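Peer 1: below is the structure, and that's it, no one-letter string:
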């Protein structure tokens, strides 16, 4: 682990880049056959994986790793079986590569197709959970990308055993040798982050602090989210029978996740009616309330909320509450303090709801439902590559299509530009074509 | 111009950001009405614009600006009329905002819509041509974005007159005051590049060196391309009657542009047949050839090509030529030295062509036609926002759709996540819906 191998990374990435043409040309059948082979190998190799994982667990236990982290690190038995099933579910997803997004004749015999293709070399940097390695390898393979993986030091034995098993199984099933690569040392991370010429996308998986560190340390595009500072706005026209369960679910159904609500905005007209019963429910669920002065009029026991509270993702049984004058003030607050992840409105007024959904600068804009629905599996995306709070490329929960880009393919028969330029230029026909004819 | 006003930029951008909800909610009719008003104002204000432009021209002439740059700076008469027509052509483009990309029922009464929306605050930084200001304002308006513009110092009077005229015309037509903003000082550029919290996208327009500088100086996403190092590969199965005109057009139809070819790769089997006649044509067109040793066997007068030549975008009557053993070697060369802009193959073998188009890592992959076709207008995109060599968000020529992103809108009726989680979880229906029903 202390061997200085960071110089090995540029060479490994070059090899992956050189394999991209082969990987992008793999047929759907070839990819699905390989995915099934990976799943089978996981099952037949489960004992070996578990043994390697046990080494990591023993070392982690000896070093005093906390129990929840030990639980995340454990990858044996049922978890291995679930990872194999996960790979099989990727087999059933449609191939994201080779879809025709547009097709247009520029002139007779000159046809333009906009077609999806793999992004290229994708680096995945993740903490603890070895399950993440299996999932990412499956998604990268199905989307025709070359993948380089770097896991946490505490899972090194597990990741090494998994990577070797999957690599061999893939090669046996017909993939080119070296189709995936595991980076092992801490120095490797910085080496990866510096390769902005040859790595096309980085996917970090781990704590907010971890993702934030990655985002700050590279100029390579990062698919992910550092913060999930989500809001609910209770409009004056809200139905309390819906509002209270939605607020409680959004806050407490699972507090440690990015799509849990952190700040509640309440219209002043409804504050006297909703805040007292909410307070009662929060007490039962041990939710601490921090409120602005108007909130504390109705919840006198609430702590005072400071500016810093509007900027804090608690990930805990804590909720900040602010009373607002209007939906516009709620939108302005969210657009200033939110992390562009998930923000909802509770109202019976459809026009107010539509205005809010359009005006709020967020990936997931919700009406009358819990923020906790913001999730790739709940959205039916089949597999979740990640959640993105970037506005470009992919936004919100990202499925397999987040791992592809497109290229423009122009099919000619000797055409040159000169006749289409200058005086008396030949016009283009620009006629839409049925998709996928010429491929 | 020397006033230190960079502190004004964060405030101006905050004002633009606060207007985003209003701008994103503008109806297609409201936007088209405003666009038409801008076009009308350009026509009625043409003399005033020309007078301001004349001040810039006189100052530039006095300072010894080169003739081609003076020509680019000139914005009077016909050019103003063309800019007005350009705005009217944007009126006719479909509204890129509010398109439903997907629609899915998650459960009865819980419906998910993926809908396009503006990106937010877009900064355009451009050199010389005042036409660029008008075009960018029109595209930003149609896509519902707030735009901040920074032009070159030599066009300050023209840009100032244009910005004031367009701003007033827009407000008169119903847009909110402050809907666009002109930044004026050189310090403003760095202030813009630093605002990665509030500017969502930067579009630079100018020389390669200028765009490269912008890309290196900011962590905000940049839509553009620094280099256009394009290749043509002449396969062994090429038809010389097609190949030679395509090569000449790609190199010489306009040498100073990003989609002109810079390096020619020739299969060794066809080198003896194509290189001598090519040499003759190049001599007539005064194209300088730099070749590898194999090329110089057939074109003895060619200069020697060095490693550096494979990395150089000449933008001039110069072409580097390399003889290769196979289509795979051609692809490997392009994927190593190319700028992912436009790369083509000339062959009569369809399977070879398809393999090349898939394997080459480029935005525009062409078969049997000139690289010069890589252009938003030739592609029929209606308006060109720019050409992107990034693989994410938008790739190749980018039309109006490059100025929008999407959000997920979830319409519920009180649904919470708890029933869908844990043991005995209620299943999702995940039923595809007809698009645009619930909006």
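Peer 2: Happy to help now that I have it. What you see is a predicted model; the values in this text were computed from it and never measured.

Peer 1: domains of chain A?
Peer 2: A:8-216, A:230-373 (automatic domain parsing).

Peer 1: tabulate the ones you listed (CSV), appending mean neighbour count.
Peer 2: C-betas here are computed from N, CA, C, even on glycine. As requested, those are exported to CSV (neighbours: other CB atoms under 10 Å in any protein chain shown):
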stretch, mean neighbour count
domain A:8-216, 19
domain A:230-373, 20
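
Peer 1: how about these, which one is nearest residue B:405?
Peer 2: domain A:230-373 (9.0 Å; CB to CB).

Peer 1: nearest to residue B:266, out of the domains of chain A?
Peer 2: Distance to residue B:266, taken as CB to CB, is lowest for domain A:8-216 among the domains of chain A, at 19.9 Å.

Peer 1: between the two ends of that closest one, how far is it?
Peer 2: Its first and final residues considered, domain A:8-216 spans 23 Å by CA to CA, to the nearest Å.

Peer 1: off-centre distance for that domain?
Peer 2: Distance of domain A:8-216 from its chain centroid, counting by CA atoms, centre = their mean, to the nearest Å, is 14 Å.

Peer 1: again, but for stretch A:413-420
Peer 2: Distance, centroid of stretch A:413-420 to centroid of chain: 44 Å (CA atoms, centre = their mean).

Peer 1: mind listing the strands for the stretch 1-150 of chain A?
Peer 2: Along the stretch 1-150 of chain A, counting by DSSP state E, counting those that start in this stretch, strands occupy A:100-107, A:110-118, A:121-126, A:146-150.

Peer 1: what is the strand or helix carrying residue A:358 packed up against?
Peer 2: Element membership for residue A:358 (DSSP states H and E) is helix A:350-359. When contacts are defined as 3 or more CB pairs under 8 Å, 6 or more residues apart in numbering or on different chains; DSSP states H and E, helix A:350-359 sits against helix A:327-337, strand A:342-346, strand A:364-369, helix B:8-24.

Peer 1: between these, which gets nearest to residue B:429?
Peer 2: strand A:364-369 (14.8 Å).

Peer 1: contact partners for the residue nearest to the spatial centre of chain A?
Peer 2: By CA atoms, centre = their mean, chain A has its centre lying nearest to residue A:386, at 1.3 Å. Neighbouring residues of residue A:386 by CB atoms under 8 Å, 6 or more residues apart in numbering or on different chains: A:203, A:205, A:223-225, A:398, A:402.

Peer 1: also residue A:323?
Peer 2: Per CB under 8 Å, 6+ apart, neighbours of residue A:323: A:265-268, A:271, A:292, A:294-295.

Peer 1: how about the residues you listed in a markdown table, adding pLDDT, secondary structure and distance to chain B?
Peer 2: Shown next, in a markdown table, are the contacts of residue A:323 (pLDDT from 0 to 100; DSSP: H, G, I helix; E, B strand; the rest coil; distance: CB to the nearest CB, whole Å):
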| residue | pLDDT | secondary structure | distance to chain B |
| --- | --- | --- | --- |
| A:265 | 98 | strand | 15 |
| A:266 | 98 | strand | 17 |
| A:267 | 98 | strand | 17 |
| A:268 | 98 | coil | 20 |
| A:271 | 98 | helix | 20 |
| A:292 | 98 | coil | 21 |
| A:294 | 98 | helix | 23 |
| A:295 | 98 | helix | 23 |
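
Peer 1: surely residue A:387 forms part of a strand?
Peer 2: Yes - according to DSSP: H, G, I helix; E, B strand; the rest coil, residue A:387 belongs to a strand.

Peer 1: that one and residue A:342, how far apart?
Peer 2: 9 Å (CB to CB, to the nearest Å).

Peer 1: and residue A:264, by the same measure?
Peer 2: Counting by CB to CB, the gap from residue A:264 to residue A:342 is 14 Å.

Peer 1: over to residue A:417?
Peer 2: Counting by CB to CB, the gap from residue A:417 to residue A:342 is 48 Å.

Peer 1: which neighbours do residue A:387 and residue A:342 have in common?
Peer 2: In contact with both residue A:387 and residue A:342: A:228, A:259, A:363, A:374, using CB under 8 Å, 6+ apart.

Peer 1: you'd agree the second one is up against residue A:376?
Peer 2: No - counting by CB atoms under 8 Å, residue A:259 sits too far from residue A:376 to count as a contact (11.1 Å).

Peer 1: okay, and the common contacts of those two?
Peer 2: Joint contacts of residue A:259 and residue A:376 (CB under 8 Å, 6+ apart) are residue A:387.

Peer 1: secondary structure element holding residue A:170?
Peer 2: Short version, using DSSP H and E: residue A:170 is in helix A:156-172.
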